[in-house]
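Visitor: Could you work out the structure for the sequence below:
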Amino acid sequence: MERVPGSFGTSVSFALRIFQLGFSSTSLISMCLDYDFNELSGSCNAYVILWSILHTLADTYSVLLKQLPQKPRVLSIVLAGDVVLSFLSLSGACGAASATEMLLSIDEPMCGDKRCIKYQVSALLAFLCWALFLDSAIFNLWSLYSLFH
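Guide: Below is the predicted model of the structure:
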């Protein structure tokens, strides 16, 4: 098996998961600090946080034991989870960005107390989390492909 740098069980994958966890947690916290936050993007971020925690623990275990998971079924499950959660993260980011844009375009001042800045930061962090999930999915797809060739 070719050792793909960002695939599941490597130190690069561990770093990707740590950053995913940090970005999604910060995005969720910045959304929850407002009393009017969007529950859809919050639940999407909650799933992303749980997935990232589980894979951070699995990557830590693999890095410490220096054993890569070489079963196609495991890599397929990780790939499917990364793809599904990347779309959930993207939908949460788009929801936060569109809500912010809508609040900014209304004639009445609805963005008092730096509310729109919180939404913009949350949307930016959710987009960054989506980009990391997409990177992780591509690395795992590459690793799965290298198992069969």
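
Visitor: Which strands and helices lie in contact with whichever strand or helix holds Val83?
Guide: Val83 belongs to helix 72-105 when assigned by DSSP states H and E. Judged by 3 or more CB pairs under 8 Å, 6 or more residues apart in numbering; DSSP states H and E, helix 72-105 is in contact with helix 11-32, helix 39-65, helix 115-148. Glycine gets a C-beta too; all of them are placed from N, C-alpha and C.

Visitor: how about a cut-off of 7 Å?
Guide: helix 39-65, helix 115-148 (3 or more CB pairs under 7 Å, 6 or more residues apart in numbering; DSSP states H and E).

Visitor: Just the mean pLDDT for the shortest one, thanks.
Guide: It stands for helix 39-65. Averaged over helix 39-65, pLDDT sits at 78.

Visitor: tell me the angle it makes with helix 11-32.
Guide: Counting by axes from the mean of the first three to the mean of the last three CA atoms, to 10 degrees, helix 39-65 lies at 150 degrees to helix 11-32.

Visitor: Tell me which residue is most central in this structure.
Guide: Central residue check for the chain by CA atoms, centre = their mean: the C-alpha nearest the mean position is that of Cys129, 3.8 Å away.

Visitor: Tell me who's in contact with the nearest residue to it once chain neighbours are set aside.
Guide: Closest residue in space to Cys129, ignoring its immediate chain neighbours: Phe23 at 4.1 Å, by CB to CB, 6 or more residues apart in numbering. By CB atoms under 7 Å, 6 or more residues apart in numbering, Phe23 lies in contact with Leu125, Leu128, Cys129, Leu132.

Visitor: re the thing from before, in the helix holding Val83, which residues are buried?
Guide: By neighbour count with 16 or more other CB atoms under 10 Å, helix 72-105 contains the buried residues 75, 78-79, 81-83, 85-86, 88-90, 92-93, 95-97, 99-100, 103.

Visitor: returning to that earlier point: farthest-apart pair in the contacts of Phe23, please.
Guide: Leu125 and Leu132 (10.6 Å; CB to CB).

Visitor: the more surrounded of the two?
Guide: Shown here are Leu125 and Leu132; by other CB atoms under 10 Å, Leu132 has more neighbours (26 against 23).
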